Every structure is written in C-alpha cells, then in structure tokens.
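Asker: Give the three-dimensional model of this entry:
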Amino acid sequence: MTAGWTDERAHVALRAMFDAAVQAADPLRVLAAHLPEPPTKGRVIVVGAGKAAAKMALAVELAWPDVKLEGLVIAPHGGDLPEPPQARRIALRFGAHPRPDASGAAAAAEILALMQGLTSDDLVLALISGGGSSLSTLPAPGLTLPEMIAVNQALLDSGASIHEMNCIRKHLSAFSGGRLALAAGPARVLTLAISDVPGDDPEVIASGPTVADPSTFAQARELVAHYKMDLPEAAVRHLAQAREETAKPGDPRLAAHEFRMIATPMMALKAMAETARTLGLTPLILGDALEGEARHVGQALAGIARSAAAHGLPLAAPCVLLSGGETTVTMVPGTDGAGGRNTECLLGMALAFNGAPGIWALCADTDGIDGKSDAAGAIAGPGTLEAVRRAGLDPRAALSGHRSYDVFAASGGLIVTGPTLTNVNDIRAVIIA
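Answerer: Next up, the predicted model:
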C-alpha cells in the first residue's frame, strides 16, 4: 500500500471525484453557453421533463432575464429548487420516478396542449434529461395510467437495458418517440439535453420526445417476448395493432429541429479524472457505457483493480479506475430491498475484493438517488466486509436478497446527498493505492 493512503484520505478523494462529476452536469454551470440568441419574433415556449428539468428551467430564466417566457417543465416530487430573482416565468409541475403517477401524466397533457396553435415564428425550447420517461408518462389512446404503471413495473423488474425499456415505452406513449416535436409543428424546436444513457443516444434520453425514433412496434413486441414480460392485456393489444408509429428518421416535420447535448457521462468522467490528478492519482477512464447485471459489473471491475494492484496493469498504483453507464438489477421474486444498482454493484465488488488492502471504491448515481433508497450510492474499502459482519449481517445473503443498502448502512459507507437536480447516470471510481 502506498504510504499515506488511509480510509479517511481515500473516502475524501472518492467524494471529491463524485462531487466533480455532479458539478460537471450542473445546469446552472453549463446550460447558458448552449442557448441561442434570444428570439426577437414570436413566442418562446419552454417545456421539459426529467430529473434536471427544474434546474434547467431556472438556468434559462437566469440567462434570459428580459425575455418573455412561458411554458412548464415536469420535475420529480420533492426536489428543492432556489427561486429565481424575479417572478417565475416557467411553471413547475411534478411527477413520480421511477413509477409514474397521475400528476406527471396531467402535466404531460398540459405540455401537449401548449403546442396547439404555434406558428413558424415561435420557438419551443425543450429541456430534456434522464427520468423524463416516467415523469411524462402519458398513455397512448386506448390505454390507462394504471396500465402504464403496470407496464413500467414490468420493465423495471425485467432486467432489460434502458434502450430496450424505452423502445417499449415509446410505443405505448402519446408523448415520447418524437410525438412532442410533431405536436409543436410548425414551430422551431430546440432541445437542450443532459444525457443519462450509454452512448448518449438522443432518442433514448427520456424516450426521445423531440427526436426521431428508429425503433418499431415489431421490435417492442420482440423485447416483451424475449424478457417474458407480463404486460396488461390492453398494452399487449396496442403493441399488436401497431396503429400509429413513432416519428421516424427523415420525417420532414422534424427537419428544422435542433438537438444540443449540454452534459454527458463522459464529461462527468473527465471532470473526475481532472480531480484525481490533483489528488496524486493517475486516472484511467474505462468507458462511459458499461452495462450488465450490477453485481457482475462489480466483480469485473474488481478483477481489473486486483490486476493493477498485483501487476501494475492496466496502470500502476497510485491510480483510479473510472467508469460510467447504467447497470441492471434483475429482481429475485419475493425480494424487495431498498438499495439500487449502485450499491448492488459495489457489494459485488467488495465481495470480490474480500478485504484486499489498498483498494477503495465508490459507486453512485449522479442524480443523488440509488434505487428506492435515500442514498446516492456508497463507498467500500478494505474493512467494509468485516464491519458488516460485526454488525450481524451476511453480505452474500444480502446481495442475494437485494439488500445492499443495509450492508453499507451498517458499514457507514452510504453517500447521502439528496436529489442533485441533474443526472448523467451512474459513476464508479476504484482507487488502487
């Protein structure tokens, strides 16, 4: 172990890197640079949905203090937000994530109503970020909100990737898959987006309400069959009937629209790398789109870290391995742990490390909420498993029962930030000292 690296120093370093990642995606820091010149003609309608929507709207209000703005954005319930220095021009509505609710559906319908009667002189500024799919869940004609809530639960329990889940969501929605942009015609639509998805695909972020969607009803049906999803009969029937496809690439109604990415997982990882260098660590970014079962990703990262510790490969200590991307947790029937994919990934990693000296790791969600818990994620080190066992918990049994949150609550490793009001997905950092 490199002299001077203690639990306290490692925890401080990991938390500094996490904070750097969140700051790199803070709309109040990054959004204004991507705004166009304020329009001089027509209306400016600001709409949006996502975990960062409220802060993005505030950033627009601060950047355009003298522009007449109207519209609304949908944010998660419970997110605190500073008030702008003048009367709010962009209304806030709230919905639920990851399980949609009636207030979010009503707000999505309200946004579509705002799109009526626009002209080519008008600008629709769409503020889109991760979580927008759930927050703006508006059932397609013939479907009900309870049926969409049941669909959403089936998706969350399936083990499907975010790309696959959104393919199904878009084909059951009246809002996603480019439908918001089509409703805005003939107005110009400018989308400012914060990516939370592997690959930063615009059509996947919040199920792409303002962009073309290359996926099809047939692909949605194939995914339902592949994952053996038990969907409500009305949803199965809607997918089979395939009456109204999503907006497709090349649709002339989308030709004048523009999409700008203002924050991404890779930007966050690069900010973490810069912070790591100031802390005396050599960073290596493994990628921003690591996917797979959470515990298995944790085990794989542990293997790379052990190689660095033993052989100096892929780089020598003191170093830090950085990665991003959304893992999945396939729930075992009868389990209902509070932890999410980050603490489950970290527990898989900690078990693989088995107390190896000189290695510490962090797994956390930049939105501040991991799964159903009140934590963003957690930190683990050489003494984590011993502390957990002293507390009377079996970490392997906890992993099997999806109770990773309980493990890190017992070890004192939880990271609790509250909602950060942004979201560039999960980040992971492994220090080898």
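
Asker: just checking, residue 297 touches residue 327?
Answerer: Yes. Contact between residue 297 and residue 327 holds when scored by Cβ atoms under 8 Å: they sit 5.0 Å apart. For the C-beta atoms, the positions are set from N, CA and C on the backbone; glycine is no exception.

Asker: which stretches of the stretch 101-250 of the chain form strands?
Answerer: Counting by DSSP state E, counting those that start in this stretch, one finds strands in the stretch 101-250 of the chain at the ranges 123-129, 188-194.

Asker: mind giving me a markdown table with those and columns for distance to residue 217, mean neighbour count and mean pLDDT?
Answerer: Conversion of the strands of the stretch 101-250 of the chain to a markdown table gives the following (distance: least, Cβ to Cβ, whole Å; neighbours: other Cβ atoms under 10 Å; pLDDT from 0 to 100):
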| stretch | distance to residue 217 | mean neighbour count | mean pLDDT |
| --- | --- | --- | --- |
| strand 123-129 | 23 | 27 | 98 |
| strand 188-194 | 24 | 26 | 97 |
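
Asker: Please name whichever of these is nearest to residue 160.
Answerer: Evaluated with Cβ to Cβ, the strands of the stretch 101-250 of the chain place strand 123-129 nearest to residue 160, the distance being 20.8 Å.

Asker: So which residues of the stretch 301-433 of the chain form helices?
Answerer: Counting by DSSP state H, counting those that start in this stretch, the segments of the stretch 301-433 of the chain that form helices are 341-353, 384-390, 395-400, 404-411.

Asker: shaky segments in the protein?
Answerer: Low-confidence segments of the chain, defined by pLDDT under 70, are located at 1-3, 79-80, 82-85, 334, 338-339.

Asker: domains of it?
Answerer: Structural domains annotated on the chain: 7-23+266-432, 31-263, as defined by automatic domain parsing.

Asker: end to end, how far does the last one reach?
Answerer: Right, the one you point to is domain 31-263. With Cα to Cα, to the nearest Å as the measure, the ends of domain 31-263 fall 8 Å from one another.

Asker: Could you do the first one as well?
Answerer: By Cα to Cα, the extent of domain 7-23+266-432 from end to end equals 12 Å.

Asker: so how far is that domain from its chain's centroid?
Answerer: A distance of 16 Å separates the C-alpha centroid of domain 7-23+266-432 from that of its chain, computed with Cα atoms, centre = their mean, to the nearest Å.

Asker: can you check stretch 38-50 too?
Answerer: For stretch 38-50, the gap between its own C-alpha mean and the chain's C-alpha mean amounts to 24 Å (Cα atoms, centre = their mean).

Asker: Okay, buried residues for that stretch please.
Answerer: Along stretch 38-50, the positions that meet the burial threshold by neighbour count (16 or more other Cβ atoms under 10 Å) are 39, 43-50.

Asker: Likewise for stretch 392-409?
Answerer: So for stretch 392-409, counting by 16+ other Cβ under 10 Å, buried means 393, 395, 398-399, 401-409.

Asker: same question, stretch 363-383
Answerer: Of the residues in stretch 363-383, those with enough neighbours to count as buried (16+ other Cβ under 10 Å) are 363-371, 373, 375-382.

Asker: what's the answer for stretch 52-63, then?
Answerer: Of the residues in stretch 52-63, those scored as buried under the neighbour-count criterion (16+ other Cβ under 10 Å) are 52-62.

Asker: Go through the residues you listed and name the one nearest residue 190.
Answerer: When those are ranked by distance to residue 190 (Cβ to Cβ), residue 60 comes first, at 11.1 Å.

Asker: Can you tell me the closest non-neighbouring residue to residue 412?
Answerer: Take residue 412 and drop its neighbours on the chain: the residue closest to it by Cβ to Cβ, 6 or more residues apart in numbering is residue 387, 7.2 Å away.

Asker: Relative to residue 413, how far out is the one you found?
Answerer: When Cβ to Cβ, to the nearest Å is the yardstick, residue 387 and residue 413 sit 9 Å from each other.

Asker: Just want to know which of those two has more residues nearby.
Answerer: Neighbour comparison, residue 387 and residue 413: the larger count goes to residue 413, with 25 against 17 (by other Cβ atoms under 10 Å).

Asker: And the helices in the stretch 51-200 of the chain, which stretches?
Answerer: Secondary structure of the stretch 51-200 of the chain (DSSP H, counting those that start in this stretch): helices located at 53-63, 102-114, 132-135, 145-158, 162-170, 179-184.
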